[in-house]
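Enquirer: need a 3D model of the sequence below.
(one chain, ligands or ions: 1)
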Amino acid sequence: MSHRIAAKITGVAGYVPPKVMTNGDLEKIVETNDEWIRTRTGIRERHIAEKGTATSHMATEAAKSVLAETSTDPADIDLIVLASVTPDMFFPATACLVQERIGAKKAWGFDLSAACSGFAYAMTVGAQFVGAGTHKKVLVIGSDTMSSILDYKDRATCVLFGDGAGAALLESAGPNEGILDFQHDVDGSGGAFLYMPAGGSLHPASFETIEKRMHYVHQEGSQVFKYAVRRMADMAAHLLEKNGFTKDDMKLLVPHQANLRIIRATQERLGVDDSKVLVNIDRYGNTTAGTIPLGLRDAVEQGRLHKGDLVLIVTVGAGYTTGGVLLRWAY
Ligand SMILES: CC(C)(COP(=O)(O)OP(=O)(O)OC[C@H]1O[C@@H](n2cnc3c(N)ncnc32)[C@H](O)[C@@H]1OP(=O)(O)O)[C@@H](O)C(=O)NCCC(=O)NCCS
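Expert: So this is what the prediction gives:
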């Protein structure tokens, strides 16, 4: 059964901090090289937040841009759903910080944690309120400051990620526009392969957790890689087939940007050429919850999305979480 939600994206915007860290810069920090990073991941550079810039700041910039782009009065926002694994603090929720900074006086809001599937999950959750008719304008944000939890002594993880945020405005949709279907799933057995061990209630911060470098991303890259290749491809093919579409009906695939090889494997499975796939990992790396809105923003800016186009979003992230959203672009 398809999960139609009568909600559509009416604007999308993004923000990355100005400081760029190239592969060459990383060569000076860890034992790595530009050639390895480019051929194994597709990444050339990523943006890194300056000290003092947090997830809320990037989220606020992205939110302000989408409000400006859609000429929306912040006081008209009903709800803010913010996806992140790097909130400013445990509490208050980063959504609350953003609510105050953008002046969304009547909005309620909360954070949602689904790692790299965060934006797809947040979009689906936020859209439910629009589809139900109880909320008119919902702001969905994906924002992550991955540099704050990266171990710059671990070459296998620190080269992969960057900082960034994106935001989309959701409003009610007509019959053949907006979210046509979505499918999300979780495989909790993947929790052991991509996680940050300390800082939560299991291992609160202590001298020991710091000494053991437990406040950083830990990953078994090859395990995550294999899972992501299989699930991204399966999810993409499934959502198209289930809705009676073929690859030819799809205008653009906007996949999570974790590794160019994962993206290409997904693309091969669907049998589509590069013109139908949004890739920006070369410039941003993996910005976790930021990749999908930044991808949509880039697609709009590059003139690759028009009203009526069929767009497929697919994500895999820590958890494991898998997300897929099929939508008909509405502007
Ligand atoms: C991390 C990843 C790029 C590693 O690529 P890979 O082809 O699997 O490489 P391996 O992990 O097998 O490592 C191969 C070799 O490169 C080395 N290596 C790892 N990182 C390196 C780096 N930055 N520079 C140079 N060499 C590196 C390893 O130490 C290993 O050396 P060894 O063979 O002497 O032990 C890849 O597994 C990946 O992208 N995984 C998924 C990550 C991801 O998407 N995470 C987020 C999910 S949303």
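Enquirer: what's the closest non-adjacent residue to Cys116?
Expert: Spatial nearest neighbour of Cys116, excluding adjacent residues (Cβ to Cβ, 6 or more residues apart in numbering): Gly317 at 2.9 Å. Every C-beta, even on glycine, is put in place using the N, C-alpha and C of the backbone.
Enquirer: check Asn176 too.
Expert: Leaving aside its sequence neighbours, Asn176 sits nearest to Arg328 (Cβ to Cβ, 6+ apart; 6.2 Å).
Enquirer: can you pull the contacts of that neighbour?
Expert: Applying Cβ atoms under 8 Å, 6 or more residues apart in numbering to Arg328 gives the contacts 8, 176-178, 180, 308-311.
Enquirer: cool, Asn280 as well?
Expert: Asn280 sits next to 257, 294-295, 298 when contact means Cβ under 8 Å, 6+ apart.
Enquirer: if I look at it, how far off is Glu45?
Expert: For Asn280, the distance to Glu45 equals 11 Å [Cβ to Cβ, to the nearest Å].
Enquirer: from the centroid of this structure, which residue is nearest?
Expert: By Cα atoms, centre = their mean, the chain has its centre lying nearest to Ala289, at 2.8 Å.
Enquirer: for the top helix by length along the chain, packing partners?
Expert: Ranked by number of residues, the top helix in the chain under DSSP state H is helix 221-242. Judged by 3 or more Cβ pairs under 8 Å, 6 or more residues apart in numbering; DSSP states H and E, the packing partners of helix 221-242 are strand 178-186, strand 250-255, helix 260-270, strand 310-317, strand 321-328.
Enquirer: out of the ones you listed, which is the most enclosed?
Expert: Of all the helices and strands packed on helix 221-242, strand 310-317 has the most neighbours on average by mean count of other Cβ atoms under 10 Å, namely a mean of 27.
Enquirer: surely Gly271 meets Lys247?
Expert: Yes. Here Gly271 reaches Lys247: they are 5.5 Å apart, a contact under Cβ atoms under 8 Å.
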